[in-house]
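Novice: My questions concern the predicted model and sequence given below.
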Amino acid sequence: MNNYWLSSIFIVVAFNILLQYLLRFTDLKYDTPELLILPDSLDWLLPPLVLIYLQNILGDSFEPKKLRYFIPPGLWILTMAAYVGTNPSYNFDSYISSSLHAFNLSLIFFWKCSILYTGYMFFQKRITFLTSKQRTLLPWPRILLFFLLILCYIALANALKVLLVDPLYLSEQARESIRILVGLNYVVFTCSIILITIFFAFKYPKILAGNPIIKQVEEADILEVEQHRKTLTALIEEQKIYLNTELNEKKLAEAIGIPTHSLSKMLNEYMGQSFSEYINHYRVEEAKRLLLDEDKDDLTAFAVAIDSGFRSESVFYVNFKKNTGFTPMQFKKSMQEKK
């Protein structure tokens with residue numbers, strides 16, 4: 001299903017580029033001016049297609065209610081079709097220089113901005129709970145958001161041209177040059193995002209499998225994990241539970257009030273660390289604080305290890321070197337030399 005939405009996006013983009021070229025660089029706009037509303041219609045349709053595809057790959061399965069995003073484009077298309085069909089004086093010059101055209105371009109800009117905002121907020125909500133493996137695919141939805149941003153930029157350029165540039169007393173040659181530049185602006189930026197997408201598809205072919213990056217997660221599960229993370233943060237930052245040399249995964253899980261396997265899943269999948277990596281990071285930070293505390297200058301390496309939560313001096317040395325690249329004494333000396 002997701003690939004159908006992705007295919008629709010590329011079809012709309014390709015057809016729109018073709019129309020932009022034909023209507024800007026040929027006499028088609030004079031011979032068949034009714035086609036002028038087609039690029040704007042596609043500009044209305046493209047953002048919801050990208051938004052729905054973005055939501056789908058981020059784990060929000062498609063539901064019929066999402067079709068509401070096509071209501072504004074549908075109403076606009078019907079209105080413009082009725083306008084063109086009932087206006088015998090309609091032609092290229094009368095429409096391009098009309099206030100209706102300027103109004104339409106402004107509406108398209110605000111429509112694209114609203115879709116970009118909706119997509120960005122949805123993205124921010126969904127990426128809170130990602131596994132380390134899922135995070136490697138995050139550039140793909142970011143590209144889609146960037147695509148929506150480019151669409152907003154193009155819509156703004158078109159609107160500003162009609163609202164600010166066209167009213168100026170410019171020669172026909174100057175107007176035509178500006179029109180060509182705006183057209184090239186659309187083609188270049190749209191083609192560039194397509195090329196970026198193709199490059200990403202070759203680098204991460206999984207995106208073409210149609211599977212969501214994130215499996216659908218129930219809202220209750222998200223809230224539960226968030227609550228457990230808050231409890232864990234309080235135990236670490238406020239109670240400094242990591243200073244307990246007897247602390248293990250089972251005891252930490254009991255302190256949070258969850259099974260051991262739930263803690264392991266939360267640390268590994270959502271925080272990208274094992275229990276030992278997570279706890280030892282805080283212990284090393286505590287050791288660094290003790291080593292730099294002049295009031296505790298007489299502490300031995302063993303005392304620093306125990307006071308930091310490590311059970312032995314050897315484990316302390318291994319983890320300290322792993323996290324800092326220095327032995328405890330090398331770290332202390334390098335910090336003293338910087339003073």
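Specialist: Great, that's in hand.

Novice: Spatially central residue for this protein, please.
Specialist: With distances taken as Cα atoms, centre = their mean, the chain has R142 as the residue nearest its mean C-alpha position (3.7 Å).

Novice: Look at that one and report its pLDDT.
Specialist: The model reports R142 with a pLDDT of 87.

Novice: any idea how far it lies from T260?
Specialist: Distance, R142 to T260, by Cβ to Cβ, to the nearest Å: 35 Å. The C-beta positions use only the backbone N, C-alpha and C, and glycine is treated the same way.

Novice: again with L149
Specialist: In this structure, L149 and T260 are 44 Å apart, going by Cβ to Cβ.

Novice: Mind pulling up the pLDDT for V165?
Specialist: pLDDT, the model's per-residue confidence, is 68 for V165.

Novice: follow-up on the earlier one: not counting the helix or strand where the residue nearest to the centre of the chain lies itself, show me its contacts.
Specialist: R142 belongs to helix 139-160 when assigned by DSSP states H and E. Outside helix 139-160, the residues that touch it by Cβ atoms under 8 Å, 6 or more residues apart in numbering are 43, 46-47, 50-51, 53-54, 57-58, 102, 105-106, 108-109, 112-113, 115-116, 119-120, 123, 182, 185-186, 189-190, 193, 196-197, 200, 204, 207, 213.

Novice: I only care about those that end up buried; give me the PyMOL line for that.
Specialist: What follows is the PyMOL syntax selecting those of the contacts of helix 139-160 that are buried according to 16 or more other Cβ atoms under 10 Å:
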select buried, resi 43+46+47+50+51+53+54+57+58+102+105+106+108+109+112+113+115+116+119+123+182+186+189+190+193+197+200+207+213
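
Novice: can you tell me which of the contacts of helix 139-160 are in helices?
Specialist: When DSSP state H is applied, these are split such that 43, 46-47, 50-51, 53-54, 57, 102, 105-106, 108-109, 112-113, 115-116, 119-120, 123, 182, 185-186, 189-190, 193, 196-197, 200 fall in helices.

Novice: Next, the distance between the ends of stretch 126-139.
Specialist: According to Cα to Cα, to the nearest Å, stretch 126-139 extends 14 Å from its N-terminal end residue to its C-terminal end residue.

Novice: what is the mean pLDDT for that stretch?
Specialist: Computed over stretch 126-139, the mean pLDDT rounds to 68.

Novice: right, and the helix or strand after whichever helix or strand I71 is part of?
Specialist: Following DSSP H and E, the helix or strand that holds I71 is helix 71-86. The first helix or strand that comes after helix 71-86 along the chain, using DSSP H and E, is helix 92-96.

Novice: Which elements pack onto the helix or strand hosting E285?
Specialist: Assignment of secondary structure by DSSP H and E places E285 within helix 275-292. In terms of contacts (3 or more Cβ pairs under 8 Å, 6 or more residues apart in numbering; DSSP states H and E), helix 275-292 is packed against helix 249-256, helix 301-307, helix 313-324, helix 328-338.

Novice: Check those for me: which has the lowest mean pLDDT.
Specialist: helix 328-338 (a mean of 83).

Novice: what angle do it and helix 275-292 make?
Specialist: An angle of 50 degrees separates the directions of helix 328-338 and helix 275-292 when computed by axes from the mean of the first three to the mean of the last three Cα atoms, to 10 degrees.
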